[in-house]
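J.: Give me a model of this one.
(chains A and B)
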Amino acid sequence: DGGITQSPKYLFRKEGQNVTLSCEQNLNHDAMYWYRQDPGQGLRLIYYSQIVNDFQKGDIAEGYSVSREKKESFPLTVTSAQKNPTAFYLCASSSPWAYNQPQHFGDGTRLSIL
Amino acid sequence: AQKITQTQPGMFVQEKEAVTLDCTYDTSDPSYGLFWYKQPSSGEMIFLIYQGSYDQQNATEGRYSLNFQKARKSANLVISASQLGDSAMYFCAMRSSVSGSARQLTFGSGTQLTVLP
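T.: Numbering: from 1, shown residues only, chains lettered A, B, ... in the order given. I've put the predicted structure just below:
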């Protein structure tokens, strides 16, 4: 079945450490997205990518970085510059050219500070 | 800029009853799509239903229907015959037809629905 796989499910970060969240999709979607969700809140866009080797900042990109070397993969790095990284991170994909199509989501990664 | 407003942080409904979750939106784009997602406590986002801005009829998907009132800019989700498994967070979201930003989704803050036995 086609879908989006995020790993790991749980991740712990030490002070000053960079950590990378994995997101892989086999839906053949061109666009991929990273969202952050804080407890009891909606989703906020961190970064998005419309095609390979291209990505754009979303609303809360500071302290995060991404790469898009392959169509299937869109890893997110939470850098030490992100002072409050504890949150639930969701990766999504969609066709960017069809606004009537939903974004498909992975199961998320919960990141906590040690 | 687009904005989604969900004014009900929490809702309770008796099992087998119907419930309406409110969503209002604001956009200046000529055409757009409205989506509802369900997020159980496990965290995954489950797509429920879609309504296009030019659709003449309200969308329906099984027990889910969308009460779309374009002039009022509202897109309320109606869940009929509530089940215990419907207890979850529900998000309303919008996607514009205007190119750029990969037509990103804009989300509301969500409504936590609890179904009582």
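
J.: Would you mind listing what in chain A touches chain B?
T.: Listed as neighbours of chain B in chain A under the rule Cβ under 8 Å from any Cβ of the partner chain: A:31, A:33, A:40-45, A:48-50, A:56, A:58, A:88, A:90, A:92, A:94, A:96-97, A:99-108, A:110. Quick note: C-beta positions are derived from backbone N, CA and C, even for glycine.

J.: and residue 71, what does it touch?
T.: With no chain named, the answer covers chain A. A:Asn28, A:Asp30, A:Val52 (Cβ atoms under 8 Å, 6 or more residues apart in numbering or on different chains).

J.: Of the residues you listed, which is the nearest to B:Ser53?
T.: B:Ser53 has its nearest neighbour among the contacts of A:Lys71 in A:Asp30, at 23.2 Å by Cβ to Cβ.

J.: Buried subset of the contacts of A:Lys71, written for ChimeraX?
T.: With 16 or more other Cβ atoms under 10 Å in any protein chain shown as the criterion, this ChimeraX line picks the buried residues out of these:
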select /A:30
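
J.: Can I take it that A:His29 is in a strand?
T.: No: under DSSP: H, G, I helix; E, B strand; the rest coil, A:His29 falls outside any strand and is assigned coil.

J.: Distance of it relative to chain B?
T.: For A:His29, the distance to chain B equals 10 Å [Cβ to the nearest Cβ, to the nearest Å].

J.: low-confidence ranges in chain A?
T.: Chain A contains residues with pLDDT under 70 at A:1, A:96-97.
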